[in-house]
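K.L.:
This is the structure alone, sequence omitted:
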Ligand code: BGC
């Protein structure tokens, strides 16, 4: 095992689902789980393939009610390939006599290797070597190469290669009562050495097409076609000790693709043009080399480096330059499984900041996904009695609310009402990303076209949520949920929702200020046009200004209260629930509810210290007339740290961040926990249903922005590295305001070099010392005595 590989040395049915998720191959257009090609979905294996943005909506009946759910669709399976030695049945890893078995994911090149040897019931030993790729160079192509060696025998080997449309969404056990039969209208065919299969999603009516070409010799084959499945049967002549290669190359298209007449003809044209495995692999490797050049994040220590590479790898397989133009969002669980139905939440808050500094064009594309759904968000705000744009907590195809209305507690078996759509704060995450994209790129064109409109419409919505309450003399936001999903409402209350969630209220103030600033950044003509188009008036802007001075924030015991009334909640007996992450499920099964306790699923108030600098937060509180005591931040961190069970993988990222400067040892522990979230499946079985993209990207952003102390504003970059004791060196490239910078942090200081592009001058401030960096220039900022502490081992 190296810093660039993920290897498994045996076949283990118990952890196969986890491995499939972690060995997923994808290219930002589609991805396929790392399932064994010989297996169908059977409780151990789950070969899922998902295309970005390909959703379908179906009704199901649960607990006597009809509920509609939109799912990312599990597409027809392109992988199936199995074989049989003479007078035996098809090989299957679960039943075969395996002599050895190894699976290795090459993270640098994006290739999944699998080697094994098996003995059939007649004592014949056959070695099998496979390489698999989902092309990063041509996003519609995938390939599987299999090399057979008969070790102690010679004779015919039957090989069956198929395209399988008999799939449904069956990847998540607790959704199995829901209708997952998204595909219909299957058809198959074969012509000129190509087999194909098409199907249509039931309600979104997206046509999906697969076309396959097989290369082997001798090319003797028979086709077995049914409407939902098509197989080619080949007979290979194996000679003892000699290698025989069988290659399957596949094209996948959908009717959502650009520049096609129809999906089936596009798939057939693509597969005709597709080169052989060798050339496909070369092109794929080159595409990955290009991505890694931009995505490099070098940290010392092979264990940490390996997980960092794994996280970059899966992030780029979900969101690559191929995604930018697809009208797709950031799926919380990647394209790696069916958890959360492939929906798009606020998790982009943890994903886009890293991408923005590496692949700004991908961020721009992902922000456009939101911008295109402004009409739906406006309609949702209006229907709820507000103005502006109310983005849904869970978004899928068209930007309507996709949050489930009922969810299953697998511990109690109860179907329960789900109020999480009240997490209005998702709009704040979108606005934060728009603002930071602008700060890092200075892209006025995007701001004028889409960014400012998003900021204004989201600001308008949050301003309309806020009402001036005579009793407090302050603006208040009632009936919402914060990020902590364990608090849905007040104990015993008839309707869900909480008042004055501090995160929502403070970020609303931040947003109203930024939306104003964004308008000021626009060229005069664009500003006037936008104000006219959105009917922005002076009184409306004055109301925003008033809110930024009179928003309500609650405090108790010298800390910021998560919401009004938080102080009245009971303390949980944490001893009884030690190590329980899904407190909601445990308490509900006991007839209780986390609503009654000071117990959080994840960082909520602490999100403020994650997103805002101490100065930014201090200024907002000051403006609101709540001057912050010097120990407000540390006290608040300690308060919630003791009362959070980290039932979301995002929580460890936030805690690592907020502790980075005050308790580096603890920050490191949270960082390593966040690193472990998927590779070690720390939430106990959830990774098999899809990786946690927010936590994966969050760990990268932690190194890049938090440990590096990186802040950007137009024309300026500030670095104030404070690496954890275990991280002694760090090197990475970033793109900022159109310039490519290479940053290296070591014991002696920070070296920043600039490629020969971007604006003529860029100002870089490191450790508070400023330098102008012209094109092609390099500057070394030596670490001075007072900054040494940055490398002193933490307590
Ligand atoms: C978390 C949310 C998150 C969602 C999707 C939930 O468990 O509580 O904050 O957005 O997962 O990742």
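P.N.:
Perfect, I can see it now. Predicted model, so just to flag it, every value in this text is computed and none were measured. Numbers count the residues shown, from 1 in each chain.
K.L.:
Strand partners (parallel or antiparallel) of the helix or strand bottoming out on mean pLDDT in the chain?
P.N.:
In the chain, no helix or strand scores lower on mean pLDDT, DSSP states H and E than strand 711-713, which sits at a mean of 87. In the sheet containing strand 711-713, its partner strands are strand 716-719 (antiparallel), by DSSP bridges.
K.L.:
Would you tell me what the next helix or strand after the partner strand is?
P.N.:
Next along the chain after strand 716-719, taking DSSP states H and E as the criterion, comes strand 730-736.
K.L.:
Output the contacting helices and strands for that next one.
P.N.:
With contacts taken as 3 or more C-beta pairs under 8 Å, 6 or more residues apart in numbering; DSSP states H and E, strand 730-736 sits against helix 277-295, strand 298-299, helix 426-441, strand 739-745. Where you see a C-beta, it was placed from the backbone N, CA and C, and this is true even at glycine.
K.L.:
just so I know, which of these lies nearest residue 344?
P.N.:
Proximity to residue 344 (C-beta to C-beta) singles out helix 426-441 among the helices and strands packed on strand 730-736, at 9.1 Å.
K.L.:
To what extent is residue 84 buried, counted in neighbours?
P.N.:
Applying other C-beta atoms under 10 Å, we find 15 other residues in the vicinity of residue 84.
K.L.:
so it bridges to which residues?
P.N.:
residue 158.
K.L.:
ok, it - contacts?
P.N.:
Shown in contact with residue 84 (C-beta atoms under 8 Å, 6 or more residues apart in numbering): 90, 91, 157, 158.
K.L.:
Equivalent analysis for residue 80, please.
P.N.:
Residues counted as contacts of residue 80 (C-beta under 8 Å, 6+ apart) are 37, 38, 40, 47, 160, 161, 162, 163, 164, 231.
K.L.:
Now with 7 Å, please.
P.N.:
Listed by C-beta atoms under 7 Å, 6 or more residues apart in numbering, the contact set of residue 80 reads 37, 161, 162, 164.
K.L.:
Could you do residue 705 as well?
P.N.:
With contact set as C-beta under 7 Å, 6+ apart, residue 705 has these partners: residue 353.
K.L.:
From the contacts of residue 84, list the buried ones, please.
P.N.:
With neighbours counted by 16 or more other C-beta atoms under 10 Å, these contain buried members at 91, 157, 158.
K.L.:
From those, pick the one nearest the ligand.
P.N.:
Among the buried ones among the contacts of residue 84, residue 91 lies closest to the ligand (C-beta to the nearest ligand atom), at 37.3 Å.
K.L.:
Between the two ends of stretch 83-91, what distance do you get?
P.N.:
Start-to-end span of stretch 83-91 (C-alpha to C-alpha, to the nearest Å) is 6 Å.
K.L.:
Surely residue 209 forms part of a strand?
P.N.:
Yes - counting by DSSP: H, G, I helix; E, B strand; the rest coil, residue 209 falls inside a strand.
K.L.:
And the residue of the stretch 501-650 of the chain closest to the ligand?
P.N.:
For the stretch 501-650 of the chain, the residue closest to the ligand is residue 648, as judged by C-beta to the nearest ligand atom, at 3.7 Å.
K.L.:
residue contacts, that residue?
P.N.:
Applying C-beta under 7 Å, 6+ apart to residue 648 gives the contacts 601, 602.
K.L.:
Check the spacing between it and residue 732 real quick.
P.N.:
Distance from residue 648 to residue 732, counting by C-beta to C-beta, to the nearest Å: 27 Å.
K.L.:
where does this structure have low pLDDT?
P.N.:
By pLDDT under 70, the low-scoring segments of the chain are 785-795.
K.L.:
Flag every residue of it that's near the ligand.
P.N.:
332, 340, 345, 346, 347, 483, 485, 601, 602, 648, 650, 694 (C-beta under 6 Å from any ligand atom).
K.L.:
So residue 165 versus residue 598, what's the distance?
P.N.:
To residue 598, residue 165 is 51 Å away according to C-beta to C-beta.
K.L.:
Specify which residue of those two has the higher count of neighbours.
P.N.:
Higher neighbour count among residue 165 and residue 598: residue 165, with 24 against 21, using other C-beta under 10 Å.
K.L.:
Quick check, the more buried one in contact with residue 76.
P.N.:
Yes - with contacts counted by C-beta atoms under 7 Å, residue 165 reaches residue 76, the gap being 4.2 Å.
K.L.:
Need the residues touching each of the two.
P.N.:
Shared contacts of residue 165 and residue 76, counting by C-beta under 7 Å, 6+ apart, come down to 197, 199.
K.L.:
Residues contacting stretch 219-232, please?
P.N.:
Outside stretch 219-232, the residues that touch it by C-beta under 7 Å, 6+ apart are 160-166, 186-188, 190, 195, 197, 214, 233-235.
K.L.:
Could you identify the buried members of these?
P.N.:
Buried residues within those, defined by neighbour count using 16+ other C-beta under 10 Å: 160-165, 186-188, 195, 197, 214, 234.
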